[in-house]
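> no sequence on this one, just coordinates:
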């Protein structure tokens, strides 16, 4: 059974940091890309960042470049999203998703999300 389990969300003040984790199981981790999506309250889900596990290449949305860092621990089948200098606009649910490459229109597997709240 394929599973993506997010953790690490919480409440933080503006300027603070959080590290989200996405633990994957049930598929060949190295063959996939893992992406993070952000859904702000009342808005559509949008892509934030993605990593191609096999070659480690990462992609970032302009809004998070320089603040967020994506990494993977292939031994643990886990991807980490380090979020620094958080802003109230970063509030929302963060989902991780997996597919055979970054930039997909639809990702094959999804987690249930973790809530991030940034207070001003």
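Received, thanks. If you're wondering where the values come from, they're calculated on a predicted model, not measured in any experiment.
> find the centremost residue of this structure, please.
The centre of the chain sits closest to residue 36, judged by C-alpha atoms, centre = their mean, with a distance of 2.8 Å.
> ok, and the closest non-adjacent residue to it?
In this structure, residue 36 finds its nearest non-sequential neighbour in residue 48, 4.7 Å apart by C-beta to C-beta, 6 or more residues apart in numbering. Yep, even glycine has a C-beta here, placed from its N, CA and C like the rest.
> cool, residue 43 as well?
With sequence-adjacent residues excluded and distances taken as C-beta to C-beta, 6+ apart, residue 43 is closest to residue 92, at 7.6 Å.
> quick one: pLDDT of that neighbour?
What the model reports as pLDDT for residue 92 is 98.
> how many other residues sit next to it?
Taking other C-beta atoms under 10 Å as the neighbour definition, residue 92 ends up with a count of 22.
> no further questions, thank you.
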